[in-house]
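*Asks:* Here is my input; please provide its structure:
(4 chains)
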2 protein chains.
Amino acid sequence: MSDTAQSSRPSGRAGAEASAPPEKPARRSDATRAAILSAARERFAADGYERATIRAIARDAGIDPSMVMRYYGNKEGLFAAAAEIDLGMPDVIWLGEGKRPLTVDYVHGDVRPVGVILVEHFLDLWEDSEILTALLRVGVTNTSGAERMQEIFKEQLVPVAAQYAPDPESVPRRAALVASQVLGMALARYVLRFPAAVELSREEVIDWLGPTVHRYLTAAEA
Amino acid sequence: MSDTAQSSRPSGRAGAEASAPPEKPARRSDATRAAILSAARERFAADGYERATIRAIARDAGIDPSMVMRYYGNKEGLFAAAAEIDLGMPDVIWLGEGKRPLTVDYVHGDVRPVGVILVEHFLDLWEDSEILTALLRVGVTNTSGAERMQEIFKEQLVPVAAQYAPDPESVPRRAALVASQVLGMALARYVLRFPAAVELSREEVIDWLGPTVHRYLTAAEA
DNA sequence: TAGATTCGCCAACAAGCGTTGACCAACGAC
DNA sequence: GTCGTTGGTCAACGCTTGTTGGCGAATCTA
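*Replies:* Numbers count the residues shown, from 1 in each chain, chains lettered A, B, ... in the order given. Okay, here's the model as predicted:
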């Protein structure tokens, strides 16, 4: 409850600057907010939802627990804010036409099979930040965490699958298959830390999973 | 602390019966113990470690919370007892020699590719009981849960991989790859419940994952 | 029948949780 | 300088958790 500031945007700062993002007050407490969010991601990633206590997060951020409540309403709200994720899926286009369709990743100027590009991209995502670990650890035991994962799957992975599936009706199925393999490797490697999965080199993971993902996306149905 | 009964096994019941399993006192409270264990598995599967409270488990089992402590020492002990799992991996042998090695499952008299047999077996495991769901939900946020999964992986899945890997040195890697795909599908389908993964028919899962698992086990390295 | 043991319930504990509201200090506008 | 707004701390609340010890009833042993 309470909007933090409902009747207090009369003066010059609110709607006068750039108009691309509708609102950006730039408050004095932004540093604190960011510290809370960062600490929350760390704790959620390390401990999951229940054991990541607001008190511990506040301690990590160097502030009082009540600040968390003030800025994010409650624990659910804090998690929702911390689990705001953009997978940044590579902007790819279809190049091949025969048996081995290729794609180009505009950002990296890469021309390789989709499967390989995607697996590499996911490895980067999981290793560059702990936010996906947090989401997975929470999603497994928390309803709203699982719903968040479903949204991300639907809004960010399905569209990629739609570019490659030979049959539009099979798109969600294919996306689910890709998710199962990618999430499964993340689970074994970054969450459960199976030694044999951790010891796989980046190249090995790409070489083994790339073709699998590629097949899930592009192969004719059984 | 306290062994439940340290100086109280003098009389005739203890070591007198069948000698195959070393000890089987057959206590009067076995029904209660079983009820607790069953309720615990349900709760751990549904809620994960933290939210599966001893009080809730006791309520489900229709007894007092203190009974749980008496019989299993503490919550950790209860989980350890509830997570005692035998995957019952099919007793398989190598039949093929060319490109498509086959196996026979002695129990079912089945002759098909290993990948298919394994995927089918895991589907049965996940659907016939909630114990694997419990283990996965707990393993993701709880250290001893994760360790339990590592043990099961090492003792029950790696030996299967050892029968098929062309190179003995690659066995753990291949087992990890298989685990990543099988666990990933279980995660998407039974834990996170991605609609697209839930809607896959049993046959579709087998047709898509079977070849993947088969390749992870038997293909030459990249 | 007498005694010991097992089984179960009850009441309580110390600790930790999310959350709240009162209060003080710094800042910005006029 | 004054005053409203914001940023932050402190102490406490009601509740739930894992865990403990005592006590009565049922059961087994003899």
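*Asks:* any weak-confidence spans in chain A?
*Replies:* Confidence mapping of chain A against pLDDT under 70 gives the ranges A:1-25, A:93-109, A:222.
*Asks:* Over to the residue most central in space within it. Which of the three states is it?
*Replies:* The structure's chain A has its C-alpha centroid closest to residue A:85; by CA atoms, centre = their mean the separation is 4.2 Å. With DSSP: H, G, I helix; E, B strand; the rest coil as the basis, residue A:85 sits in coil.
*Asks:* quick one: it from DNA strand C, how far?
*Replies:* 22 Å (CB to the nearest atom of the strand, to the nearest Å). Bear in mind the C-beta positions are built from the backbone N, C-alpha and C, glycine included.
*Asks:* Could you say which helix or strand holds whatever residue of chain A ends up closest to chain B?
*Replies:* Closest contact between chain A and chain B, by CB to the nearest CB, is at residue A:184 (1.9 Å). Element membership for residue A:184 (DSSP states H and E) is helix A:171-186.
*Asks:* Show me what that helix packs onto, helices and strands only.
*Replies:* Helices and strands touching helix A:171-186, by 3 or more CB pairs under 8 Å, 6 or more residues apart in numbering or on different chains; DSSP states H and E, are helix A:114-128, helix A:131-139, helix A:158-164, helix A:202-218, helix B:171-186, helix B:195-198, helix B:202-218.
*Asks:* phi, psi of the residue nearest to the centre of chain A?
*Replies:* phi -130, psi 140 (degrees, to the nearest 10).
*Asks:* I'd say the residue of chain A closest to chain B and residue B:189 touch.
*Replies:* No. Using CB atoms under 8 Å, residue A:184 makes no contact with residue B:189, being 11.1 Å away.
*Asks:* Compare these two (neighbour count), which wins?
*Replies:* For residue A:184 versus residue B:189, neighbours defined as other CB atoms under 10 Å in any protein chain shown are more numerous around residue A:184 (24 against 21).
*Asks:* Tell me the buried residues in stretch A:208-220?
*Replies:* For stretch A:208-220, the neighbour count (16 or more other CB atoms under 10 Å in any protein chain shown) marks A:208, A:209, A:210, A:211, A:212, A:213, A:214, A:215, A:216, A:217, A:218 as buried.
*Asks:* And residue A:139, how far from DNA strand C?
*Replies:* Applying CB to the nearest atom of the strand, the value for residue A:139 to DNA strand C is 17 Å.
*Asks:* how does chain A divide into domains?
*Replies:* Residue ranges for each domain of chain A read A:1-82, A:92-218, as given by automatic domain parsing.
*Asks:* deepest of these, which one?
*Replies:* domain A:92-218 (a mean of 19; mean count of other CB atoms under 10 Å in any protein chain shown).
*Asks:* That one close to DNA strand D?
*Replies:* No. If you take CB under 7 Å from any atom of the strand as the test, domain A:92-218 misses DNA strand D, and the best it gets is 13.5 Å.
*Asks:* longest helix in chain A, by residue count?
*Replies:* Longest helix in chain A, counting residues (DSSP state H): helix A:30-51.
*Asks:* So that one, near DNA strand D or not?
*Replies:* Yes. Helix A:30-51 reaches DNA strand D (CB under 7 Å from any atom of the strand) through A:31, A:32.
*Asks:* got a list of contacts for that helix?
*Replies:* By CB atoms under 8 Å, 6 or more residues apart in numbering or on different chains, the residues outside helix A:30-51 that reach it are A:27, A:52-53, A:56-58, A:60-63, A:67-68, A:71-72, A:78-79, A:81-83, A:129-131, A:133-135, A:137-138, A:140-142, A:145, B:48, B:50-51, B:140-141.
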